[in-house]
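Chemist: what would the 3D arrangement of this be:
(one chain, ligands or ions: 1)
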Amino acid sequence: MSASRVSQILFSRVSHAIRKPQHLITPVKYYSSQVNNYECIKTEIVGEKKNVGLITLNRPKALNALCEQLINDISHAVDHFNKDKSIGAIVITGSEKAFAAGADIKEMENKTYVSNLKHDFIGEWDKIGKSKKPLIAAVNGYALGGGNELAMLCDIIYAGDKARFSQPEIALGTIPGAGGTQRLTRVIGKSKAMEMVLSGNMITAEEAEKTGLVSKVFPSDKVIEEAVKLGEKIASHSQVVVLLAKQAVNSAYETTLQQGLQFENRLFHSTFSLTDRKEGMTAFLEKRPPKFTNE
Ligand code: CAA
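Modeler: Purely as a prediction, here's the structure:
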C-alpha cells in the first residue's frame with residue numbers, strides 16, 4: 001500500500017470521527033503548514049490521534065537517491081516533528097520500488113576530498129540520527145548504500161517482503177560513508193557486514209530479519225500501515241519516558257556493559273521524579289488507562 005493510500009485511510013478514520021463530508025477529504029489537508037514546502041519529500045501527520053509524523057521520500061525518477069536537498073528536507077522535517085508536541089513518533093518511508101538507492105551518484109561524481117571536508121559532506125545525515133523522537137523506517141524495495149544507512153539511522157526498521165538491502169559502494173570505488181561499516185557491523189556482526197561491504201551483494205528482507213537488521217517483515221502493501229501502528233503505540237506512552245528508554249538502548253552501542261548498566265540504572269531512578277511514572281503505576285493499580293502529560 002502506498003504512503004498516500006495509508007494516509008488516506010488513516011485520515012478518513014480521523015475525519016469520519018469529526019463527521020467531515022467525504023468529498024472534503026484530502027490526505028494532506030491536516031498538515032497544510034508544511035506539506036507543500038519540501039522539494040524532495042512529502043510530510044503528513046497520521047494516526048487516529050494524529051500523533052505520528054510520516055515522511056515520504058519523493059524523488060521517484062532517481063529511485064529516491066539521497067541528494068543533498070533530499071537529506072536537508074528529511075533533516076528539516078525530523079526537526080519540525082521533534083518540535084511538534086503532538087507527535088510521538090516519526091515514520092520514514094520511500095516508494096514501492098525504492099526506499100532509497102543510495103547517495104546521489106550524479107551529485108557525488110565531481111566531488112573532491114577538499115570539497116567534502118570543507119562542506120562536511122554527510123554531516124547533515126547525523127542530525128537525522130540524533131532525533132529525540134523515535135524514528136521508524138518502513139522499507140519497501142531497494143535500501144542500498146546511503147539508503148540502508150538512512151534506515152539504520154532510524155531506531156526500528158520494518159521491511160516489506162520484497163525489500164533488498166546492500167552496501168554497494170565498493171563497486172563505485174568508494175566505501176560506505178554514513179554508517180555502513182560501523183552501524184551495520186554492530187547490528188549484524190563482523191562476518192556478515194564484511195561480506196556485504198566487500199562484495200556489495202544484496203540481502204533479502206528475510207535475511208535482513210534473520211540478522212537483526214530488520215525487526216519485522218510484512219507483505220509490502222502492509223509495511224507503512226504497520227509502521228504507523230507501531231508509531232501510534234509508541235506515541236501512546238509518555239514522550240519523556242520514551243526518550244529516556246531510547247537513550248538507554250542507544251547507550252548499549254557506545255559504552256562498556258558496566259557503564260551502560262550504570263547509565264540505565266540512573267535513568268531508571270530518574271523516572272521516579274516524573275509525574276508520568278506516578279501516573280503509570282497509579283493507573284495500573286486503579287485498573288484504568290494512564291493519562292500521560294509528558295512531565
Ligand atoms: N544516484 C543517482 N541516481 C540513481 C541512483 C543513485 N544512487 N540509483 C539510481 N539512480 C537513477 C538512475 O541513474 C536512473 O536514472 P536515469 O533514468 O536518469 O538514467 C534511475 O535512477 C533509475 O535507475 P536504473 O535505471 O538503474 O533502475 P534499475 O531498476 O535498472 O536498477 C538499481 C535499480 C539496482 C537500484 C540501480 O539503479 C543501482 O544500482 N543504483 C545505484 C545503487 C548504488 O550504488 N548505491 C550506492 C550509492 S553510494 C552511497 O550511498 C555512499 C554512501 O555511503 C553515503
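Chemist: quick one: name the residues of the chain near the ligand.
Modeler: Residues of the chain found near the ligand (Cβ under 6 Å from any ligand atom) are 62-63, 65, 101-106, 142, 144-146, 149, 168-169, 172, 176-178, 180. C-beta coordinates here come from the backbone N, C-alpha and C atoms, glycine included.
Chemist: pull out the buried members of those.
Modeler: The neighbour count (16 or more other Cβ atoms under 10 Å) marks 62-63, 65, 101-104, 142, 144-146, 149, 168-169, 176-178, 180 as buried among the residues of the chain next to the ligand.
Chemist: from the residues of the chain next to the ligand, which land in helices?
Modeler: 105, 106, 146, 149 (DSSP state H).
Chemist: residues contacting the third one?
Modeler: It stands for residue 146. 66, 100, 102, 103, 125, 176, 177, 178 (Cβ atoms under 8 Å, 6 or more residues apart in numbering).
Chemist: how about TSV for those residues, with distance to residue 196 and pLDDT added?
Modeler: Below are those laid out as TSV (distance: Cβ to Cβ, whole Å; pLDDT from 0 to 100):
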residue	distance to residue 196	pLDDT
66	18	98
100	16	98
102	13	98
103	16	98
125	19	95
176	9	98
177	15	97
178	15	97
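Chemist: any idea which of those is closest to the ligand?
Modeler: Proximity of the contacts of residue 146 to the ligand (Cβ to the nearest ligand atom) peaks at residue 102, which lies at 2.6 Å.
Chemist: which residues sit in contact with the closest one?
Modeler: With contact set as Cβ under 8 Å, 6+ apart, residue 102 has these partners: 65, 66, 144, 145, 146, 147, 168, 169.
Chemist: what's the pLDDT at the first one?
Modeler: Model confidence at residue 65, given as pLDDT, is 98.
Chemist: my read: it touches residue 99, true?
Modeler: No. At 11.3 Å, residue 65 and residue 99 do not qualify as touching, with contact defined as Cβ atoms under 8 Å.
Chemist: ok, now how distant is residue 197 from residue 182?
Modeler: 11 Å (Cβ to Cβ, to the nearest Å).
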